[in-house]
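Novice: from the sequence below, what's the structure:
(4 chains)
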2 protein chains.
Amino acid sequence: MASSLPGNIQIGTRASRQRQAVLEVLSRAKGHMPAVDIYQKVQKKFPRVSLGTIYRNLKTLKEAGLIEEIHLDEHTHYYEIKTGGEHYHLLCLGCGKVVEFKYPLEYILSNVPEASGFRVLNTDLRFSGYCASCSKNEDSR
Amino acid sequence: MASSLPGNIQIGTRASRQRQAVLEVLSRAKGHMPAVDIYQKVQKKFPRVSLGTIYRNLKTLKEAGLIEEIHLDEHTHYYEIKTGGEHYHLLCLGCGKVVEFKYPLEYILSNVPEASGFRVLNTDLRFSGYCASCSKNEDSR
DNA sequence: CTCAATGCAAACAGTTTGCACGACG
DNA sequence: CGTCGTGCAAACTGTTTGCATTGAG
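Specialist: Sure, this is the predicted structure:
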C-alpha cells in the first residue's frame, strides 16, 4: 500500500464495521488495551472477525493518527485512543495497575542540551515501581 | 552495587565464560544493543554459543541488576550496562540515531500527585522525533 | 562429584502477510 | 463495478523452554 501523507487518510470514506468496532471498543475503554482484548470485544459483535483484521485496523488507525501504540511491558503492544493532551504512565510491578498522569515536559526538553535542534514529535515517560498497597506486601519479606 | 566489573562477576555462584563474554561485549559497546548483536559478538569468541544462552544470560544479568533492558522500538529488546546514573534516550525517527542524556527526574516525580505513595524503582523517559539534519530533509516536502 | 550453565532444537506468543472472497461507496 | 477490507491460514520474528551434556567449583 502506498503510504499516504498525513491527512490523506481514508478512514471516513471506507469505514468497515469492523474498523468502527475497533475504534468504538477503544474509545469505550478510555485506556490502553492489548490487541487480543480488542479482538475479544469486537468478536462479541462480529464472531467471525479475525485477529489479522484487528491488527490491520490498528495499524491503519495508528497511521491515521487516531490511536497510539504504547509498550508498557515488553511482550505486548497496547493501544489507546489518542486524546488531545499527552499523558504518561505509572506502572505498578506488583499488581500491574497502570495510572495515567499528565505533566508538561516542554520545560525538561528545553533543558536538555542534547535535544537542541531536535524536532521532538513524541514523548514517552514512564515510572515503574510498587504502588502503596503492593509496597506494604513487599515490606513483609 | 557490590558487584564488580567484567572479569569478576558474582551473580549466583558460577560465572561461565559465555556469561562473562556477554557482559564484556555490553560494556565494550557502552550503549544499547539488541540480543542478536550481542549474540554475534559473543559468537566470535565462542562459535558454538546459542541464542538461547544469550537470552538466558541477559535475563540473569538483568535480574542481578547489572544490565538494563530498554525498548526503543516495539520489535526488539535492547540491553545495556547499568551505569550509576540513569540516563534517557533521544531517538531520531529519521536516521535511527540514539542520543543519551541525563536529567534528574525526582522533581517531576514529586510533582505528580498520582505517584504519591508509589515506590518508584525505574524511570523511563524518551523523546522521539527528527534530529537536526533529518529535520532539514523533512522540510523539503 | 554436583549442580548450574550450555548447545540444540522445538515450542511459543505476538504480529504480519498472501490469497480468494465479500462488501463499501 | 472496482477496490478496499475481510476471513483464514500459514509464515515470521523475537524470545523461551525441555532435555541431554558439559564444566565450574
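Novice: from here on, contacts and neighbour counts on C-alpha atoms
Specialist: Will do.
Novice: strand partners (parallel or antiparallel) of the helix or strand hosting residue A:90?
Specialist: Assigned by DSSP states H and E, residue A:90 belongs to strand A:88-92. Applying DSSP bridges to the sheet, strand A:88-92 is found paired with strand A:98-101 (antiparallel), strand A:119-130 (parallel).
Novice: what are the buried residues along the first one?
Specialist: This points to strand A:98-101. Residues A:98-99, A:101 are the ones in strand A:98-101 that count as buried (16 or more other C-alpha atoms under 10 Å in any protein chain shown).
Novice: host element of residue A:117?
Specialist: Using DSSP H and E, residue A:117 is not contained in any helix or strand.
Novice: so it sits against residue B:131, correct?
Specialist: Yes - with contact defined as C-alpha atoms under 8 Å, residue A:117 counts as touching residue B:131 (6.4 Å).
Novice: return the residues of chain A in contact with chain B.
Specialist: Applying C-alpha under 8 Å from any C-alpha of the partner chain, we find that chain A lies next to chain B at A:71, A:74, A:77, A:90, A:99-103, A:108, A:112, A:114-115, A:117-132, A:135.
Novice: count the neighbours of the closest residue to residue A:100 other than its chain neighbours for me.
Specialist: Closest residue in space to residue A:100, ignoring its immediate chain neighbours: residue A:89 at 4.7 Å, by C-alpha to C-alpha, 6 or more residues apart in numbering or on different chains. Burial of residue A:89 is recorded as 21 neighbouring residues (other C-alpha atoms under 10 Å in any protein chain shown).
Novice: next up, the contacts around residue A:89.
Specialist: The neighbourhood of residue A:89, defined by C-alpha atoms under 8 Å, 6 or more residues apart in numbering or on different chains, consists of A:98-101, A:125-127.
Novice: distance of whichever residue of chain A sits closest to DNA strand D relative to residue A:42?
Specialist: Nearest to DNA strand D, among the residues of chain A, is residue A:49, at 3.3 Å (C-alpha to the nearest atom of the strand). According to C-alpha to C-alpha, to the nearest Å, residue A:49 stands 7 Å off from residue A:42.
Novice: shared neighbours of those two, anything?
Specialist: Counting by C-alpha under 8 Å, 6+ apart, the residues touching both residue A:49 and residue A:42 are residue A:18.
Novice: for these two, work out which one has more neighbours and name it.
Specialist: Neighbours were counted for residue A:49 and for residue A:42 using other C-alpha under 10 Å; residue A:42 has more, 25 against 15.
Novice: isn't the more buried one up against residue A:18?
Specialist: Yes - Residue A:42 lies in contact with residue A:18 (C-alpha under 8 Å); the separation is 7.4 Å.
Novice: which residues are in contact with both of the two?
Specialist: Contact criterion C-alpha under 8 Å, 6+ apart; residues shared by residue A:42 and residue A:18: residue A:49.
Novice: tell me the domain boundaries of chain A?
Specialist: With domains defined by the TED database, chain A comprises A:1-83, A:85-140.
Novice: would CSV of those domains with mean pLDDT be doable?
Specialist: Output for the domains of chain A, formatted as CSV (pLDDT from 0 to 100):
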stretch, mean pLDDT
domain A:1-83, 81
domain A:85-140, 82
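Novice: got TSV for these, with distance to residue B:54 too?
Specialist: Shown next, in TSV, are the domains of chain A (distance: least, C-alpha to C-alpha, whole Å):
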stretch	distance to residue B:54
domain A:1-83	17
domain A:85-140	25
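Novice: right, so of those domains, which gets closest to DNA strand C?
Specialist: Nearest to DNA strand C, of all the domains of chain A, is domain A:1-83, at 3.6 Å by C-alpha to the nearest atom of the strand.
Novice: if we can go back for a sec, residue contacts, the residue of chain A closest to DNA strand D?
Specialist: A:18, A:39, A:42-43.
Novice: try it again with 6 Å
Specialist: Residues in contact with residue A:49 (C-alpha atoms under 6 Å, 6 or more residues apart in numbering or on different chains) are residue A:43.
Novice: just say helix, strand or coil for it.
Specialist: Secondary structure assignment for residue A:49 (DSSP: H, G, I helix; E, B strand; the rest coil): coil.
Novice: and residue A:79, what element?
Specialist: Using DSSP H and E, the element containing residue A:79 is strand A:78-81.
Novice: and that strand, what does it pack against?
Specialist: Under the contact criterion of 3 or more C-alpha pairs under 6 Å, 6 or more residues apart in numbering or on different chains; DSSP states H and E, strand A:78-81 touches strand A:33-34, strand A:67-70.
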